[in-house]
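S.K.: Fold the following and give me the result.
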Amino acid sequence: IFITHKLNEIMDVTETCSVLRKGQLVATRNIKEKKKEELSYLMVGREINTSIYKEDSKKGKTILEVENLVMEDKLHKGKNKVKGISFDVKEGEIVTIAGIDGNGQSETIFGITGLEKIKEGKIIYKDQDITNYSIFKRNNMNLSHIPEDRHKHGLVLDYTLAENMVLEEYWKEEFSKHGFLKKKEIWAYCDKLIEKY
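M.R.: As a prediction, the model looks like this:
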C-alpha cells in the first residue's frame, strides 16, 4: 500500500489507485487507463490545470550575500556543521540549498535568519551587514523564512489562524494598543489575507 498525493508517483508505481476525499472513498481506478488530470479531478472534486506557464525571471541587484558562513555542530562540540560557504541571491532569483537531512541546510538558514549565532562569516542583506542583528530587527527588514516543519517551528498550534497571521507583527499599532491585542482588527487583517490569497 502506497499513500501519496503526488500524481507522478501514483502513475509511476501503482497499478490501481483508490482516491479518498474528506474521509470518503471516491473511486478506485486502474492507473493504466487514467490520466493525471482525471485523478486530480477525483482528488479535489473539480477541474485542475496541471500545466503551468511561467515567464523567465528578471534578476535584479544582489539582495543577500552570505560570505564564508561557518556554523558550529551542536551535537559534536568543536566541530563545524557548515564550513565556510558563500553565495548570493539576486532580486527575482530562487536559490536552492539541497542535501540529505542533517548536512547543514537547516544550520545555514538558522544562521541567515538569526535563529542561531554564526561562528564565523558575514550576512549582508539589502546592503546592510546584519550578521549581529536580532531576529526582531531582521523581521522588520522583511527577512523571513518558511521552516521545513511549519507545525513545529512556524506556527503556535494552540493559537487561532488570525493570531498566527500576526505572530511577527502583533506589536504594531494596527494590531495592539497599550499591550492589548485588537482582536477585531487582527481578524479583519486575517480575512483580508484569505480573500487576497
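S.K.: going forward, measure contacts between C-alpha atoms and count neighbours the same way
M.R.: Fine.
S.K.: And the strands in this structure?
M.R.: 16-21, 24-30, 62-72, 80-90, 120-125, 128-129, 176-177, 180-181 (DSSP state E).
S.K.: Among those, which comes closest to Ser51?
M.R.: For Ser51, the closest of the strands of the chain is strand 16-21, at 21.6 Å, according to CA to CA.
S.K.: In that closest one, which residues are buried?
M.R.: Going by neighbour count (16 or more other CA atoms under 10 Å), the buried part of strand 16-21 is 17, 19.
S.K.: With stretch 137-148 instead?
M.R.: 138-139.
S.K.: returning to what we had before: export the strands of the chain as TSV, with columns for distance to Lys192 and mean pLDDT.
M.R.: Formatted as TSV, these follow (distance: least, CA to CA, whole Å; pLDDT from 0 to 100):
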stretch	distance to Lys192	mean pLDDT
strand 16-21	28	88
strand 24-30	32	88
strand 62-72	29	96
strand 80-90	30	94
strand 120-125	29	96
strand 128-129	32	96
strand 176-177	18	94
strand 180-181	18	94
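S.K.: Using TSV, lay out those together with distance to Met141.
M.R.: What follows is the strands of the chain, written out as TSV (distance: least, CA to CA, whole Å):
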stretch	distance to Met141
strand 16-21	41
strand 24-30	46
strand 62-72	12
strand 80-90	16
strand 120-125	9
strand 128-129	10
strand 176-177	20
strand 180-181	23
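S.K.: Show me the shaky parts of this structure.
M.R.: 50 (pLDDT under 70).
S.K.: tell me the centre residue of the protein?
M.R.: With the centre of the chain defined as its mean C-alpha position, the nearest residue by CA atoms, centre = their mean is Ile146, 2.9 Å away.
S.K.: mind listing what it touches?
M.R.: Ile146 makes contacts with Gly154, as judged by CA atoms under 8 Å, 6 or more residues apart in numbering.
S.K.: From Leu181, how far off is it?
M.R.: 25 Å (CA to CA, to the nearest Å).
S.K.: With Glu174 instead?
M.R.: For Glu174, the distance to Leu181 - CA to CA - is 9 Å.
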